[in-house]
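In: let me see the structure of the following:
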Amino acid sequence: MKKLKKLEEILKDRGYKVVYAGGNFSSGYCRVKDSNVILVNKFFDQKGRILCLQEILNELDESKTQQSVADV
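Out: Have a look, this model is predicted:
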């Protein structure tokens, strides 16, 4: 439980809101276009939620790095 809360806190600190909801997500989650809302499949167990949030953080870090390189 600690790890999930920590990931949620990291995303919150970055300005994102994590929402657990039902939906048809092919990857288990989605980012709402043009907003800082992340939807995660509410039917995932704790491990699934942690994996989704880790993947999202990795994607955010990659896009931030790519943007920094493009700015150079």
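In: count of residues packed around the residue lying closest to Asn36 once chain neighbours are set aside?
Out: Excluding the flanking residues, the one nearest Asn36 by C-beta to C-beta, 6 or more residues apart in numbering is Tyr16, at 4.6 Å. (Glycine included, C-beta is placed from N, CA and C.) Around Tyr16 there are 19 other residues, counting by other C-beta atoms under 10 Å.
In: quick check: phi and psi on Tyr16?
Out: phi -100, psi 150 (degrees, to the nearest 10).
In: and the residue sitting nearest the centre point of the chain, what helix or strand is that in?
Out: For the chain, the residue nearest the mean C-alpha position is Ile56 (3.7 Å; C-alpha atoms, centre = their mean). Assigned by DSSP states H and E, Ile56 belongs to helix 46-71.
In: would you confirm that the residue nearest to the centre of the chain contacts Ile38?
Out: Yes. Taking contacts as C-beta atoms under 8 Å, Ile56 lies within contact range of Ile38: 5.9 Å.
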